[in-house]
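Trainee: sequence-free structure coming up:
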């Protein structure tokens, strides 16, 4: 990859996209950890009432035996999931396995009327039939690289690229 995407510029694009997906009763839910950071800031920037939700994929991952329970935030959904219009937010969409796990976790809490997905980066490489309703950018990366959202002390977002071994 030649240049690392500008996470702050992509956040502004995501904000625009999320505005277009919001209905009067849409509930924002961030996927830990990058999506949780995004939903916290989006909720504030959009001036939404109540608290946003945070959802973890840890308990439903197909690689749980290898990864174990992560130290990241656990699921907190401060609303009734039954009949809810849920907009999931994440930093990077890649294989779709995290989204599958998150959907299983969400349905443990009830049956939403609608679930949509918005992400900062869609990097392709899907292993499951999952698509974002909104992606601020599409970006192809080699399978040997991973892209993760980082949040600075002042709350500014940046991306980090890591090479896998």
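Mentor: Cool, the structure landed. Fair warning: this is a prediction, and the values are worked out from it, not measured in the lab.
Trainee: Does residue 15 lie in a helix or a strand, and which?
Mentor: helix 7-21 (DSSP states H and E).
Trainee: contacting residues around the next helix or strand after that helix?
Mentor: Next in sequence after helix 7-21, counting helices and strands by DSSP H and E, comes strand 26-31. Contacting residues not belonging to strand 26-31 are listed as 18, 35-40, 42-43, 48, 52-57, 77, 79, 84-90, 98-99, 102, 106 [Cβ atoms under 8 Å, 6 or more residues apart in numbering]. C-betas here are computed from N, CA, C, even on glycine.
Trainee: what sits against residue 127?
Mentor: Residue 127 neighbours (Cβ under 8 Å, 6+ apart): 95-97.
Trainee: I'd like those residues as a markdown table, with neighbour count and secondary structure appended.
Mentor: Below are these laid out as a markdown table (neighbours: other Cβ atoms under 10 Å; DSSP: H, G, I helix; E, B strand; the rest coil):
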| residue | neighbour count | secondary structure |
| --- | --- | --- |
| 95 | 15 | coil |
| 96 | 17 | coil |
| 97 | 17 | helix |
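Trainee: returning to what we had before: pull out the buried positions in the helix holding residue 15.
Mentor: 7, 10-11, 14-15, 17-18 (16 or more other Cβ atoms under 10 Å).
Trainee: What lies in contact with that helix?
Mentor: So helix 7-21 is contacted by 28, 38, 41-42, 45-46, 87, 89, 116, 118-121, 133-134, 136-137, 149-150, 156-159 (Cβ under 8 Å, 6+ apart).
Trainee: helices and strands of this protein: which one bottoms out on pLDDT?
Mentor: Sorting the helices and strands of the chain by mean pLDDT, DSSP states H and E puts helix 64-67 at the bottom, at a mean of 50.
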